[in-house]
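Visitor: Here is my input, please return the structure:
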Amino acid sequence: MTAHQPFSQQVLAELLAFDEQPSLSLYMPTHRTFPERSQDPIRYKNLVRELQTQLENQHPGLDCTPLLEPFHALVDDQDFWNSNRDGIAVFGARDYFKVIAVNQRLPQCAFANSHPYLKPLLRLVQSTERYQVLCLTRNEVWLYEGSCEQLEKVELAEQVPRNQNEALGDDLTSGDQQGFPNGFSRSSERGDPMMHESAGGGKQDEINLDRERFFRAVDKAILQYHSQPSGLPMIVVALPENQAVFRAVSHNPNVLAQGIEGDPSRLGLEELRVQCSKLMAHSHADRVVDSLNRYGVAVGQGRALDNLANIAKAAWESRVALLLVEAERQVPGQLDPDKGRLIIDETGDEQAPDVLDELILAVTRQGGEVIVVPPEHVMPTDSGAAAVCRF
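Guide: Sure thing, here's the model as predicted:
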């Protein structure tokens with residue numbers, strides 16, 4: 001059976017590496033239940049036929065068999081078609097074949113080009129980005145990693161202290177102190193801890209200082225051994241008061257401004273995943289709005305571009321810091337890779353390359369940021385793209 005793979009930054013890096021060679025990209029919605037599921041292999045086979053026709057037209061003397069063989073093999077893989085989710089993206093190139101399965105609907109299309117067609121996938125990654133979840137109590141820490149589809153517990157690096165004893169050792173305040181070691185007063189009538197420090201002064205101050213030092217040690221180790229290697233955004237799950245203390249001492253730029261307030265030890269894994277997914281969706285919506293605002297500011301500063309030809313030239317010159325692309329728009333044509341010149345295709349060919357996708361590739365390869373703007377947001381230009389220049 002052909003294995004599904006999740007989309008990741010590693011997969012994106014692999015796809016970006018393919019350039020100036022025949023590359024095949026196929027997207028289609030799939031179905032989880034019968035009888036709709038039984039039609040998926042037929043639709044897929046028709047799309048593969050489209051790929052073959054495009055390849056033969058673009059490269060008349062090329063032996064297409066090695067490129068198409070893994071695509072054809074998938075047609076008869078019944079186990080694969082019985083285990084699908086809501087959509088697949090399939091990519092092929094010389095000595096490369098990858099199937100990405102997602103829990104969202106994808107457009108139905110097939111493109112043969114000199115590079116992979118990435119716009120539908122980039123739009124998807126903005127809403128299915130992987131993230132890490134840091135769970136904190138006053139004396140414990142644990143970590144998850146996942147996406148909107150699933151969460152899995154991560155084995156902490158040995159350098160990360162699991163509790164205050166590991167972090168503070170002999171400096172930990174003695175356990176026979178007076179007061180309330182959790183930093184709260186007695187329970188309220190509902191059984192919830194009161195949200196204020198008890199006692200104040202003396203031992204309680206030492207207990208609070210232990211928590212602060214523990215959180216500093218956790219933050220430093222998590223940043224060095226988990227956040228920096230992964231580059232993933234991080235959601236903090238902790239009681240409100242612990243959230244405040246951790247954020248006050250944290251130097252981790254990957255920590256999201258909004259966390260989940262509650263006792264992580266009382267959250268089931270599925271409940272945690274649902275809450276994290278909602279938070280990530282809000283975060284991505286905020287990111288789109290922030291990017292549109294950045295473009296508005298750049299207009300006033302004279303660093304904004306709305307003309308496709310000018311954006312193409314700026315992308316070729318590595319001057320684009322931020323590219324906004326309209327999700328539902330296609331502009332037939334391509335970029336001259338040697339001069340950055342825009343070549344619009346006016347033949348009406350439905351299989352012509354998409355200029356917007358080529359801009360995405362050019363800007364991404366030059367280290368710029370790309371935001372695919374979904375239909376619920378209004379694009380600030382009529383061209384299908386907008387750019388903020390570095391200078």
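Visitor: List phi and psi for Cys109.
Guide: The phi and psi values for Cys109, taken as degrees, to the nearest 10, are phi -160, psi 160.
Visitor: Now do the SS call for the closest residue to it other than its chain neighbours.
Guide: Leaving aside its chain neighbours, Cys109 sits nearest to Tyr27 (5.3 Å; criterion: CB to CB, 6 or more residues apart in numbering). (Glycine included, C-beta is placed from N, CA and C.) Secondary structure assignment for Tyr27 (DSSP: H, G, I helix; E, B strand; the rest coil): strand.
Visitor: from memory Leu324 sits against Ser383, does it?
Guide: No: assessed by CB atoms under 8 Å, Leu324 is found out of contact with Ser383, at 10.4 Å.
Visitor: quick one, which of these two is more surrounded?
Guide: Counted by other CB atoms under 10 Å, Leu324 and Ser383 do not tie: Leu324 has more neighbours, with 25 against 18.
Visitor: Not counting sequence-adjacent ones, nearest residue to that one?
Guide: In space, and not counting its chain neighbours, Leu324 is closest to Ala386: 4.3 Å by CB to CB, 6+ apart.
Visitor: How about Pro240?
Guide: Pro240 sits nearest to Glu261 (CB to CB, 6+ apart), 4.8 Å away.
Visitor: Got the phi and psi for that neighbour?
Guide: Main-chain torsions, Glu261, degrees, to the nearest 10: phi -90, psi 120.
Visitor: swap in the one 4 residues further on?
Guide: Backbone torsions of Ser265, given as degrees, to the nearest 10, read phi -70, psi -20.
Visitor: cool, and Gly259?
Guide: Dihedral angles for Gly259 - degrees, to the nearest 10 - are phi -120, psi -170.
Visitor: That one - how many residues pack around it?
Guide: 22.
Visitor: Contact partners for it?
Guide: Ile235, Val236, Val237, Ala238, Gln243, Arg247, Leu279 (CB atoms under 8 Å, 6 or more residues apart in numbering).
Visitor: re the thing from before, show the pLDDT at the residue nearest to Pro240.
Guide: On the pLDDT scale, Glu261 is placed at 96.
Visitor: and it, how far is that from Gln243?
Guide: Note on Glu261: its distance to Gln243, by CB to CB, to the nearest Å, is 6 Å.
Visitor: Comparing these two, which residue is more hemmed in?
Guide: Gln243 (18 against 14).
Visitor: where's that one, which helix or strand?
Guide: Per DSSP states H and E: Gln243 is located in helix 240-249.
Visitor: Kindly report the same for Arg213.
Guide: Per DSSP H and E, Arg213 falls inside helix 203-222.
Visitor: Pull out the buried positions in whichever helix or strand comes after that helix.
Guide: Counting by DSSP H and E, the element after helix 203-222 in chain order, helix or strand, is helix 228-230. Within helix 228-230, the residues that count as buried by 16 or more other CB atoms under 10 Å are Ser230.
Visitor: thinking again about what came up before, now the helix holding Arg213 against helix 240-249, angle please.
Guide: When axes from the mean of the first three to the mean of the last three CA atoms, to 10 degrees is applied, the directions of helix 203-222 and helix 240-249 differ by 60 degrees.
Visitor: how much distance is there from helix 203-222 to the middle of the chain?
Guide: When C-alpha coordinates are averaged (CA atoms, centre = their mean, to the nearest Å), helix 203-222 and its chain have centres 31 Å apart.
Visitor: now do stretch 16-25
Guide: Worked out by CA atoms, centre = their mean, stretch 16-25 lies 22 Å from the chain centre.
Visitor: pLDDT averaged over it - what is it?
Guide: In this model, stretch 16-25 has a mean pLDDT of 87.
Visitor: Endpoints of it, how far apart?
Guide: 13 Å (CA to CA, to the nearest Å).
Visitor: got the contact list for it?
Guide: Identification of contacts with stretch 16-25 by CB under 8 Å, 6+ apart yields 51, 55, 58-59, 62, 67-68, 71, 89-94, 96, 110-118, 337, 361, 364-365.
Visitor: and these, which are buried?
Guide: Neighbour-count burial (16+ other CB under 10 Å) applied to the contacts of stretch 16-25 gives 51, 55, 67-68, 71, 89-93, 96, 110-113, 115-118, 361, 364.
Visitor: No further questions, thank you.
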